[in-house]
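**Student:** Could you look at this predicted model? Sequence included:
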Amino acid sequence: MNFALWRHHGNETLIKSNINNWIACKEGTGSIVKQKTGSITCKLVKQVSKQCAGVPTKVTMSSYGPHLDSGGYYYYFDGYTGGDWPVHDPCGKTQQNQLKGVANPHGNIFVR
């Protein structure tokens, strides 16, 4: 779905993954839905990885996709195919701390 249509469905997000923790986020000065860099307020909904239970405090809209961070990336929805990689780090350190050995790793962003 085109990003421009997301705001017609709501302003809160639920990010689910089978390799990273599920988080629910509300807008602050930033918004995934409005593609605006700034603060967000998130809470842990389901702990998938037993390594860490932190949540991001900021969303940044980069040229290749949004990332949620708090010093390091928790999630980076990287759409660039020429390099880089998506990040799914429950510790928010931009490392490979995601759950490993999972068939068909994937995630979803829900808007309400």
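**Tutor:** Right, received. Where do you want to start? Residues are numbered from 1 along each chain as shown.

**Student:** And the spatially most central residue of the chain, which helix or strand is it part of?
**Tutor:** The centroid of the chain falls nearest to Y75 when counting by CA atoms, centre = their mean (3.9 Å). Using DSSP states H and E, the element containing Y75 is strand 73-76.

**Student:** and that strand, C-alpha only, in CSV?
**Tutor:** Provided in CSV are the C-alpha atoms of strand 73-76 (Å, rounded to 0.1, in the frame of the first residue of the first chain):
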residue,chain,number,x,y,z
TYR,A,73,18.2,0.4,15.3
TYR,A,74,15.5,-1.9,16.5
TYR,A,75,13.9,-2.1,13.1
TYR,A,76,15.1,-0.8,9.8
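
**Student:** Direction included, what does it pair up with?
**Tutor:** Partner strands for strand 73-76, per DSSP bridges, with pairing direction: strand 65-69 (antiparallel), strand 87-88 (antiparallel).

**Student:** Run the chain-centre distance for the longest one.
**Tutor:** From the chain centre to the centre of strand 65-69 is a distance of 6 Å (CA atoms, centre = their mean, to the nearest Å).

**Student:** avg pLDDT for it?
**Tutor:** Averaged across strand 65-69, pLDDT comes to 94.

**Student:** which of the residues in that strand are buried?
**Tutor:** P66, H67, L68, D69 (16 or more other CB atoms under 10 Å). For glycine as for every other residue, the C-beta is placed from the backbone atoms N, C-alpha and C.
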